[in-house]
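Engineer: sequence plus predicted model, see below.
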Amino acid sequence: MSKVLVIGAFGQLGSELTTALRNIHGGENVVAADIRDPQGDLSDGPFEKLDVLNEKDLGRVVDRHGIQQIYHLAAILSAKGESNPKFAWQLNMDSLINVLELAKEKRLEKIYWPSSIAAFGPNTPKENTPQNTVMDPNTIYGISKLAGERWCEYYFEKYGVDVRSLRYPGLIGYKAKPGGGTTDYAVDIFYKAIETGRYECFLRPDTYLPMMYMDDAIKATIDLVEADPGRVKVRSSYNVSALSFSPAEIVDEIKKHLPAFSATYAPDFRQEIADSWPNSVDDRAAREDWGWRHDYDLAKMTDTILAGLGELLNA
Ligand code: SER
């Protein structure tokens, strides 16, 4: 069994991915690492407090646990990145280069690193955005994701590092909250629907964005990482798609379960970010190359989240 390191293990994606990987590889084989202090019950596997910008510490963790695969998820997201662009660039970029360099030196088996729809920009075709197209991101987060994609492909081509990546849409889960993203409204709205019955949305009601339920995101990630190397033909980052909806549509869907729920709209600076991203993406390459398919549509996701979050908040 390969030894796996998850960097950013307490984040929205990291917390659920770490659990999924521990179910596959065995708890003792998946090391959770985060810059934050230990959270929750860690008894199902090892934990390392780690600042991924410190390459020596990163190397020591890899050596100490005999790590062969790294999922590097730590990043500053789109909205938060705008408040300190230089630091967002430093964290998002230098951490990736540290991981890639280590993978090259220590001949690690595999690296996974997420890109995002944020790598696209205002001149990218908005509907069914192709795998290969104009990319002119105008947030520092998006710029770091586009540059990161180029670094990943570079390390694959020049040094044979087996690095794999997905351009995630907005990820919607209820077990851990996201922080600092533009698509976060689609998580917060469920909390507010249950807790107060009201939500003020920071995007206009007609703003379409590509989205994905967390279980699908976990499945896509693990399917890509487990795919036979010959099937992974894109070494920058794959488009992956599941849903596309607007705030008005998700409000209507929630109202089917909670008829008294109401939303108001007060667009802020995040509107401009959302407007620069695709409405929907074409993920044929992922579907054809390694068999990606999603399971959750808007109705199934809403059902699942309201039931699960209702239980969680009651507990
Ligand atoms: N969910 C991210 C954000 O909104 C995009 O990848 O920043």
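Structural biologist: That came through fine. Residues are numbered from 1 along each chain as shown.
Engineer: pull up the residues of the stretch 151-300 of the chain that are close to the ligand.
Structural biologist: 168, 170, 181-183 (Cβ under 6 Å from any ligand atom). Just so you know, the C-beta spots here come from the backbone N, C-alpha and C atoms, and that holds for glycine as well.
Engineer: got a winner among those residues for most neighbours?
Structural biologist: residue 182 (30 neighbours; other Cβ atoms under 10 Å).
Engineer: wait, residue 48 touches residue 33, no?
Structural biologist: Yes - taking contacts as Cβ atoms under 8 Å, residue 48 lies within contact range of residue 33: 4.5 Å.
Engineer: next, show the common contact partners of those two.
Structural biologist: Common neighbours of residue 48 and residue 33, counting by Cβ atoms under 8 Å, 6 or more residues apart in numbering, are 5, 61.
Engineer: which residues does residue 90 contact?
Structural biologist: Taking Cβ under 8 Å, 6+ apart, one finds residue 53 in contact with residue 90.
Engineer: how does it look with 6 Å?
Structural biologist: Shown in contact with residue 90 (Cβ atoms under 6 Å, 6 or more residues apart in numbering): no residues.
Engineer: for residue 201, grab phi and psi.
Structural biologist: Per-residue torsions, residue 201: phi -90, psi 140 (degrees, to the nearest 10).
Engineer: for the residue of the chain positioned farthest from its centre, which non-adjacent residue is closest in space?
Structural biologist: The C-alpha centroid of the chain is most remote from residue 260, which lies 31.7 Å away (Cα atoms, centre = their mean). Take residue 260 and drop its neighbours on the chain: the residue closest to it by Cβ to Cβ, 6 or more residues apart in numbering is residue 197, 5.5 Å away.
Engineer: tell me where the stretch 51-200 of the chain has strands.
Structural biologist: 69-72, 110-112, 115-116, 163-164, 166-168, 170-172, 198-201 (DSSP state E, counting those that start in this stretch).
Engineer: could I get these as TSV with mean pLDDT and distance to residue 139?
Structural biologist: Listed next are the strands of the stretch 51-200 of the chain as TSV, based on pLDDT from 0 to 100; distance: least, Cβ to Cβ, whole Å:
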stretch	mean pLDDT	distance to residue 139
strand 69-72	98	20
strand 110-112	98	23
strand 115-116	98	10
strand 163-164	98	23
strand 166-168	98	14
strand 170-172	98	14
strand 198-201	98	19
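Engineer: so for residue 140, which of these sits nearest?
Structural biologist: Closest approach to residue 140 among the strands of the stretch 51-200 of the chain (Cβ to Cβ): strand 115-116, 12.4 Å.
Engineer: from the chain's centre, how far out does that closest one sit?
Structural biologist: Taking Cα atoms, centre = their mean, to the nearest Å, one finds strand 115-116 lying 7 Å from the centre of the chain it belongs to.
Engineer: quick check, that strand touching the ligand?
Structural biologist: Yes - interface with the ligand: strand 115-116 contributes residue 116 (Cβ under 6 Å from any ligand atom).
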